[in-house]
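A.B. asks: Provided below are the primary sequence and the corresponding predicted coordinates.
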Amino acid sequence: MGRAVNVEVTLNQVRGDTNRLIKRFIKKCKRERIIEKYLNSQTYEKPSTAKRRKNKQRKQNARKAELERNKKFDLK
């Protein structure tokens, strides 16, 4: 599945606040994409389908970045 990731948060890091501890742990899990990797490994995806999905996502990201750049410079 890839490299092992140890995500840990101690009470000392959050000054003893358990709510902040939970929030920080969830944030670290999202950043490492642990849940996403787990869900993706649950079902088989053909390599061609994965490639198609990644290309589609790449195009969407490029389109979104282009819109942001145009908005920043007020180009239409």
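C.D. replies: Received the coordinates, thanks. Please read all numbers here as calculations on a predicted model, not as lab measurements. Numbers count the residues shown, from 1 in each chain.
A.B. asks: contacts, neighbours, all on C-alpha from now
C.D. replies: Noted.
A.B. asks: I'd like the distance from stretch 56-65 to the chain centre, please.
C.D. replies: With C-alpha atoms, centre = their mean, to the nearest Å as the basis, stretch 56-65 stands 15 Å off its chain's centre.
A.B. asks: how about it as PDB, C-alpha atoms only?
C.D. replies: Taking Å, rounded to 0.1, in the frame of the first residue of the first chain, the C-alpha atoms of stretch 56-65 are listed here in PDB:
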ATOM      1  CA  LYS A  56      -9.600  14.200 -15.900                       C
ATOM      2  CA  GLN A  57      -8.600  15.500 -12.500                       C
ATOM      3  CA  ARG A  58      -5.400  17.100 -13.900                       C
ATOM      4  CA  LYS A  59      -7.400  18.900 -16.600                       C
ATOM      5  CA  GLN A  60      -9.900  20.200 -14.000                       C
ATOM      6  CA  ASN A  61      -7.100  21.400 -11.800                       C
ATOM      7  CA  ALA A  62      -5.400  23.200 -14.700                       C
ATOM      8  CA  ARG A  63      -8.700  24.800 -15.700                       C
ATOM      9  CA  LYS A  64      -9.300  26.000 -12.200                       C
ATOM     10  CA  ALA A  65      -5.800  27.400 -11.900                       C
END
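A.B. asks: Can you pull out the residues in contact with the helix or strand that contains residue 26?
C.D. replies: Assessed by DSSP states H and E, residue 26 sits inside helix 18-32. For helix 18-32, contacts defined as C-alpha atoms under 8 Å, 6 or more residues apart in numbering pick out 5, 7-11, 14, 35.
A.B. asks: Give me the number of neighbouring residues for residue 21.
C.D. replies: A count of nearby residues for residue 21, using other C-alpha atoms under 10 Å, gives 19.
A.B. asks: Find the residue ranges of the protein scoring beneath the pLDDT cut-off.
C.D. replies: Within the chain, the stretches with pLDDT under 70 are 1-3, 75-76.
A.B. asks: can we see that at 90?
C.D. replies: Low-confidence segments of the chain, defined by pLDDT under 90: 1-9, 11, 13-16, 37, 40, 71-76.
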